[in-house]
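*Asks:* What follows is a predicted protein model with its sequence.
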Amino acid sequence: MYYIIYRVSLLTLRYSKTKQGTCIRGSRNTQRQPLIEVLFYLEVRMVKKCNKCGKIKDIIEFNKQKSSKDGYARHCKECIAKRWKEYYRKNKQKINAHENERYANDPNYRKTLSIQRKERRDNNPEYRKELIDYHKAYMKERCANDPEFHKKVISRSSKYQKEKWANDPEFRKKAISRNVVYLKERYANDLQFSMGLKLRYISNTIFKTTKAQKNKKNEYYLGCSYKVARNYLLSLGYEPSLDIDHIVCLSAFNLEIEDHKRIAAHYTNLNPLDPYYNRYIKKTNLVSTWREKITTIANQINIDPLPIIDYIEAQNIEIITE
């Protein structure tokens, strides 16, 4: 271990002249004082040479060790960290098995580890962000490969949201106001979104008694009366527990064009689907038979299907097999 002078600093006090003589500013004593008062500060730091990397470093870069003569470890913290990383890389399975066993059988260790992790999360934003990203990636991968686990996650989240909605008026108020603001703004500025809502409203009111069924424009887009649309969906096995979905998704069309709207909302483009498959598997993907479906509908209502097919192909939407 070495002792070195780390810094030498000088402090010079200002002086001023008075009628009685020269004195230090701020002093009430008007007697003669030295013109300049200089104070020397010596700051001494301890340093040590690392036996691993050979660099001379400040003593705080070494861990304390009672067994050594100077009370500090021979290797610096950086070298020790590198060594442990290499050891963990070579013995990952063995270390993880030991940690899992200890975590399962030792409640005190679990408690200590939990406190340490919480402190690290609270005090280290980068570590917290890293944990969140890892958790998101893990959940996304597992939900994609394990449908049963995905259903459990959805049901648990849905149950929590319903309970909070029922028991927390403040949460309910905030959620409603946030959704209303978002929907109003997007409805006003996004024509594709607003037309999609209108067409979904038409399909969702087929089995409901509402004023929408008296609107002849809605039947124009459906391509038939509400009664014919109901019978068509019942023949496909519709039940109240199922969703009514568009076979060729609305996001594939340009809903600002009238021909696109008529094909998208046509009753033969509707089918009943399991809610889980509709919302989490199919989403906004295209089914493999989408070209045949658009051609069939276009022939029924005397529309040229080729421009619409070309437009959808240009979107590069992912296709899934039914």
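*Replies:* Here it is on my side, so go on.

*Asks:* Who are the contact partners of residue 50?
*Replies:* 56, 57, 61, 62, 74, 75, 76, 79 (CB atoms under 8 Å, 6 or more residues apart in numbering). Where you see a C-beta, it was placed from the backbone N, CA and C, and this is true even at glycine.

*Asks:* shouldn't the second one be in contact with residue 45?
*Replies:* No. Counting by CB atoms under 8 Å, residue 57 sits too far from residue 45 to count as a contact (10.7 Å).

*Asks:* show me where the stretch 151-300 of the chain has helices.
*Replies:* In the stretch 151-300 of the chain, the segments counted as helices under DSSP state H, counting those that start in this stretch are 169-189, 191-204, 216-222, 226-235, 258-265, 275-276, 290-300.

*Asks:* now, of the ones you listed, which is deepest in the fold?
*Replies:* helix 258-265 (a mean of 20; mean count of other CB atoms under 10 Å).

*Asks:* by contact count, what packs against that helix?
*Replies:* The helices and strands touching helix 258-265, judged by 3 or more CB pairs under 8 Å, 6 or more residues apart in numbering; DSSP states H and E, are helix 191-204, helix 216-222, helix 290-300, helix 306-314.

*Asks:* and these as TSV, adding distance to residue 235 and mean pLDDT?
*Replies:* Output for the helices and strands packed on helix 258-265, formatted as TSV (distance: least, CB to CB, whole Å; pLDDT from 0 to 100):
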stretch	distance to residue 235	mean pLDDT
helix 191-204	16	81
helix 216-222	16	84
helix 290-300	17	89
helix 306-314	26	88
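
*Asks:* For residue 259, find the nearest of the ones you listed.
*Replies:* helix 306-314 (6.6 Å; CB to CB).

*Asks:* Could you give me the buried positions within that closest one?
*Replies:* For helix 306-314, burial by neighbour count (16 or more other CB atoms under 10 Å) applies to 308, 312.

*Asks:* tell me the angle of that helix relative to helix 258-265?
*Replies:* On the basis of axes from the mean of the first three to the mean of the last three CA atoms, to 10 degrees, helix 306-314 is oriented at 70 degrees to helix 258-265.

*Asks:* what's the angle between helix 306-314 and helix 290-300?
*Replies:* 160 degrees.

*Asks:* Sketch out the low-pLDDT regions of the stretch 1-150 of the chain for me.
*Replies:* 1-44 (pLDDT under 70).

*Asks:* if we go to 50?
*Replies:* 5-39 (pLDDT under 50).

*Asks:* show me where it has helices.
*Replies:* 77-90, 92-105, 107-123, 125-145, 147-167.

*Asks:* picking up where we left off before, nearest to residue 110, of the helices and strands packed on helix 258-265?
*Replies:* Closest among those, using CB to CB: helix 191-204, at 48.2 Å.

*Asks:* Next, the angle helix 258-265 makes with the closest one.
*Replies:* Here helix 191-204 runs at an angle of 40 degrees relative to helix 258-265 (the same axes, to 10 degrees).

*Asks:* What are the contacting residues of helix 191-204?
*Replies:* 186-188, 212, 218, 221-222, 244, 246, 250-251, 254-256, 261, 264-265, 270.
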